[in-house]
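Novice: predicted structure and sequence below. I'll ask about it afterward.
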Amino acid sequence: MQTDIKMNIVEKDEIATLHVGGYLDAHTASKFESKIQELIQSEKYNIILNFANLEYISSAGLGVIMGNIEDIRNHDGDIKLTEMSDKIYRVFDLVGFPSLYEIYKTQEETESSFGSKS
Amino acid sequence: MTIFRKNLLLIFLPVGVFLLVYIGDTLFYIHTGVVEGLSWLREILLFGAIAGFVPMLSSIKILRPADTTGKFRVLLFTVLLFFGLSYIRRVMILPAFSSVTGYAITSILYSLLSIIALIQIRDLIYFKRRKSTARVFSLLVISIALVSIYGGLSSRDFQQMLNVATIPIGLSLFNSFRVSWIAYLSKKQKYQILLVSLIIVAFSAMLQDLVNGSAIYEYSYSVEIFVRLSTGFISIYMAFALVGLLLHLPTATLFDKKIREIESLQRLSRSVSSVLDFDKLAEMISEFTAEYSNSQYSWLVLTEEDSNHFYLSSSFGLTQEQQKNMNFSKTEGTSGAIFDSKQPYIAQDVSREKGTRHLSSWNSEVRSLVGYPLISESNVIGILYAAKNEEYGFDNDDIDMLGAFTNHIVIALENAKLVKKSLDKERLEHELRLAHEVQLNLLPKEVPVPSDSIDLAAASMPAHEVGGDYFDFIEIDDDRLGMVIGDVSGKGTSAAFYMAEIKGMIQAYSRIYDSPLKILSDVNRALHGNMDSRSFISLTYAVIDTKNNIMKYARAGHMPILYYSKSKDEWIDLEPKGIGLGMDKGDIFDNIIEEKEQKLKSGELYYFFTDGVSDAMDENQKEFGEDRIKISLKNYFDFSSEEIKAKLISDIWNHMGNQPVHDDITMIIMKIK
């Protein structure tokens, strides 16, 4: 089974959007982790994870978000999730992410949510 | 036996011929020409007998020393024996020596000595044997033989003989150029052999005179010519060897050095390739490098993955302070230059070269420096440095030797790395095996039978050696059965440990509290802070009250319980609110989590599962899905829980086809009869 992940970062003002597509599972979680680390290293703490093209996410993928959230929130930043399919949303929902993370329908909404905060 | 006979034949055949000729000589005076017409036969027989000695003499071990010095020793003895014999013959003036017998003995002995000497020279010439080498030498031997026989048969005209002899003499000269053995002598050997060959040349110059005085011609003209040509060749060859040795003397020291270098390189690569401990090997490499290049300092740097720097693996002659101040950037300085160019870097005067001037900042003693890239599969995996306290400390030989050395180092380093990797892997596998055993012990061995009306079945199949899925049954008391299903994020040993932790906690709390909500809330508070921040556990806990047929349950971020009612023919996802264990320190968790209650009635099925079941993918990454689970469960509803489980699993297998198991598959089926 060929599962792969596709990622790219788009920066706009003070917000960095990480577009994640493909399969985010135990095999690709480390790549995802290093992208997030990259953002933290360059002091980008306002992060949007855009899951528009994400096909699958496993607990390892959720773990990466959880593992970095404290660090980011300590820097007055946040990780917000957006544009995920219903199927992906269900995974987040089952685990209880909506009560711990901000999840938006669209990229614009997410961006403006950062703006309103600061 | 055959060997013995062959050896006997080798000796007796020529000896027999000599005896035959001797008898002929004494009885019939053939040699004086009394019996006309037979002298040609006598000459051929004698020469044949001499030639017949060659195989015998060649097979005597003591006459065939393997080393060059040994050959010269034999040569020296041979030449001295020539003189010894003539001394006995001349000074003692034994009457026997002037008789027919005396001539015969002298002739035979001289021939034997000539052959022994020729064998030595042949072995010297064959030191570096090529096809042409053997051909040219054979030509010489054949020409000597032909000229000898021709001389024995023809009139004894000196001038004519001399003309004919130009052919073997010319070939002797030609063969005398083959002195390549000189190059392989050590300095000491060169001096020894020079002395020996001086003696031989001095004596052999007198050999011709000696042969004159011995009057072999009285016995046989062909034997005399053979001895003359042979000893002549020996003289010429020795003279050439002498000149060759003299010419090689100035470079003898250098050659010795080269030989020593090659030897040390061999010794070094032997010891280097036998050390498999990576750190020890690195230490050894810098020590050896300093020692063999006569450097005061040596150090080995290796690449770090995903880094812009090399790291110092080992060093020789550097203080702690100096080691700390070194900089091995892949983009600047000498290391950068070597990393980029993949070429050795040589700075003969460190202070004058732009690229190395900064070296004085950490070690002002270094004057000259060589850096060699260690290249494996066209990647620079490290750099080996050697440095000296003097300018122009490295000559080309040193640099070449280091180059040869680095090839061995690369192989040794890669070997050690592989060994380390396989040891690490073995350790990891061992750990996983242990964790696997732990995990197997954590899962219940058998499924309980809580009451006549409740039919339970369960299965758990880890995708990897150690999975993250977990289920358990807790028989709290006669009327209550606790059921747990969960999924620890992350796999491997840590998952097994979290599982053990959870099992202990739930087993303990379930006996204290009746409420699943309270149990999960307490477990969450205990877990949070004790878990890796990347890990969480999704888990559903249910308590079945068999007396009242009630199920109380709470869900900590886990998959819903799929509930089917046969009479209503409807599916309901039992999905009370809740978040995963370990995600929040407690307040949010407690705010969100709900506890629900369900009356258990006959004709119902409750399906607990982990996402491994619904996410099982086929070759097109299409998931099995909850809908398919429901279809299968409904189809098999009339079977027992155990049978339903088996059939459902087989449906999942069929869906996956040849695809590997991606995630653990765990389920509990509860059917109310």
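Specialist: That came through fine.
Novice: what residues does chain B have near chain A?
Specialist: B:468, B:487, B:489-491, B:532-536, B:538, B:557-560, B:575, B:577-580, B:583-584, B:588, B:591-592, B:611, B:615, B:617, B:619, B:621, B:623, B:659-660, B:662-663 (C-beta under 8 Å from any C-beta of the partner chain). All C-beta atoms are positioned from the backbone trio N, CA, C, and that covers glycine.
Novice: can you list which of these are found in strands?
Specialist: Residues of these located in strands (DSSP state E): B:487, B:538.
Novice: near the residue nearest to residue B:378 when sequence neighbours are not counted, how many other residues are there?
Specialist: Counting by C-beta to C-beta, 6 or more residues apart in numbering or on different chains, residue B:342 is the residue found nearest to residue B:378 once chain neighbours are left out, at 7.8 Å. Neighbours of residue B:342 under the rule other C-beta atoms under 10 Å in any protein chain shown: 11.
Novice: in the stretch 451-600 of chain B, what residue lies closest to chain A?
Specialist: residue B:579 (2.4 Å; C-beta to the nearest C-beta).
Novice: ramachandran coordinates for the closest residue to that residue other than its chain neighbours?
Specialist: Residue nearest to residue B:579 in three dimensions, not counting chain neighbours: residue A:96, with 2.4 Å by C-beta to C-beta, 6+ apart. Main-chain torsions, residue A:96, degrees, to the nearest 10: phi 100, psi 20.
Novice: residue A:96: how many residues sit nearby?
Specialist: 26.
Novice: again, but for residue B:135
Specialist: 10.
Novice: repeat that for the one 10 residues further on.
Specialist: As a burial measure, the neighbour count of residue B:145 was computed by other C-beta under 10 Å and equals 19.
Novice: the helix or strand encompassing it - contacts with which helices or strands?
Specialist: Using DSSP states H and E, residue B:145 falls within helix B:131-153. Under the contact criterion of 3 or more C-beta pairs under 8 Å, 6 or more residues apart in numbering or on different chains; DSSP states H and E, helix B:131-153 touches helix B:39-58, helix B:100-125, helix B:158-175, helix B:221-248.
Novice: about what we covered before: tell me the pLDDT at the residue nearest to residue B:378?
Specialist: Here the pLDDT value assigned to residue B:342 is 86.
Novice: please apply the same query to residue B:361.
Specialist: 67.
Novice: then the one 3 residues further on?
Specialist: Looking at residue B:364, its pLDDT is 72.
Novice: can you classify it as helix, strand or coil?
Specialist: Taking DSSP: H, G, I helix; E, B strand; the rest coil as the rule, one finds residue B:364 in the coil state.
Novice: now the phi/psi pair for it, please.
Specialist: phi -80, psi -10.
Novice: who's in contact with it?
Specialist: By C-beta atoms under 8 Å, 6 or more residues apart in numbering or on different chains, residue B:364 lies in contact with nothing.
Novice: roughly how far apart are it and chain A?
Specialist: 37 Å (C-beta to the nearest C-beta, to the nearest Å).
Novice: so how far is residue B:350 from that residue?
Specialist: 10 Å (C-beta to C-beta, to the nearest Å).
Novice: can you check residue A:21 too?
Specialist: Residue A:21 is 53 Å from residue B:350, by C-beta to C-beta.
Novice: residue B:387 too?
Specialist: For residue B:387 relative to residue B:350 (C-beta to C-beta), the value is 8 Å.
Novice: strand partners (parallel or antiparallel) of the longest strand that chain A contains?
Specialist: If you go by DSSP E, chain A has its longest strand at strand A:15-24. Partners of strand A:15-24 in the sheet, by DSSP bridges, are strand A:5-12 (antiparallel), strand A:46-50 (parallel), strand A:54-57 (parallel).
Novice: now, of those strands, which is deepest in the fold?
Specialist: Mean neighbour count (mean count of other C-beta atoms under 10 Å in any protein chain shown) peaks for strand A:46-50 among the strands paired with strand A:15-24, with a mean of 25.
Novice: just the C-alpha atoms of it, please, in CSV.
Specialist: Only the C-alpha atoms of strand A:46-50 are listed here, as CSV (Å, rounded to 0.1, in the frame of the first residue of the first chain):
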residue,chain,number,x,y,z
ASN,A,46,0.0,31.2,14.3
ILE,A,47,-0.6,28.0,12.4
ILE,A,48,-3.5,26.9,10.2
LEU,A,49,-3.6,23.3,9.2
ASN,A,50,-5.6,23.1,6.0
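Novice: what sits up against that strand?
Specialist: A:14-20, A:36, A:39, A:65, A:72, A:77-83, A:107, A:110-111, A:114.
Novice: ok, now with 7 Å
Specialist: A:14-20, A:39, A:72, A:77-83, A:107, A:110-111, A:114 (C-beta atoms under 7 Å, 6 or more residues apart in numbering or on different chains).
Novice: now do stretch B:383-400
Specialist: Taking C-beta under 7 Å, 6+ apart as the rule, stretch B:383-400 contacts B:258, B:261, B:285, B:289-290, B:293, B:295-301, B:310, B:335, B:338, B:344, B:346, B:348-349, B:365-374, B:402, B:406, B:409.
Novice: just those: which are in strands?
Specialist: Those of the contacts of stretch B:383-400 lying in strands (DSSP E): B:297-301, B:310, B:346, B:368-374.
Novice: and for residue B:627, the neighbour number?
Specialist: Neighbours around residue B:627, by other C-beta under 10 Å: 10.
Novice: contact partners for the residue of chain A found nearest chain B?
Specialist: As assessed by C-beta to the nearest C-beta, chain B sits closest to residue A:96 within chain A, at 2.4 Å. When contacts are counted by C-beta under 7 Å, 6+ apart, residue A:96 touches B:557, B:578-580, B:583, B:592.
Novice: apart from its neighbours in sequence, what residue is nearest residue B:173?
Specialist: In space, and not counting its chain neighbours, residue B:173 is closest to residue B:236: 6.2 Å by C-beta to C-beta, 6+ apart.
Novice: for that neighbour, what are its contacts?
Specialist: Here residue B:236 is in contact with B:172-173, B:176 (C-beta under 7 Å, 6+ apart).
Novice: confidence score at it?
Specialist: 90.
Novice: can you give me how far the lowest-mean-pLDDT helix or strand in chain A is from the chain middle?
Specialist: The helix or strand of chain A with the lowest confidence, counting by mean pLDDT, DSSP states H and E, is helix A:107-117 at a mean of 82. Remark: helix A:107-117 is offset 14 Å from the chain centroid, using C-alpha atoms, centre = their mean, to the nearest Å.
Novice: repeat that for stretch B:323-334.
Specialist: Here stretch B:323-334 is found 31 Å from its chain centre; the criterion is C-alpha atoms, centre = their mean.
Novice: hmm, who's touching stretch B:442-454?
Specialist: B:456-458, B:460, B:470-473, B:475, B:481, B:499-500, B:503, B:544, B:546, B:602, B:670, B:672-673.
Novice: next step: those restricted to strands.
Specialist: Per DSSP E, the contacts of stretch B:442-454 map to strands at B:456-458, B:460, B:470-473, B:475, B:481, B:544, B:670, B:672.
Novice: PyMOL command for the buried members of these?
Specialist: Applying 16 or more other C-beta atoms under 10 Å in any protein chain shown to these, the buried members can be selected in PyMOL as follows:
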select buried, chain B and resi 456+457+458+460+470+471+472+473+481+544+670+672
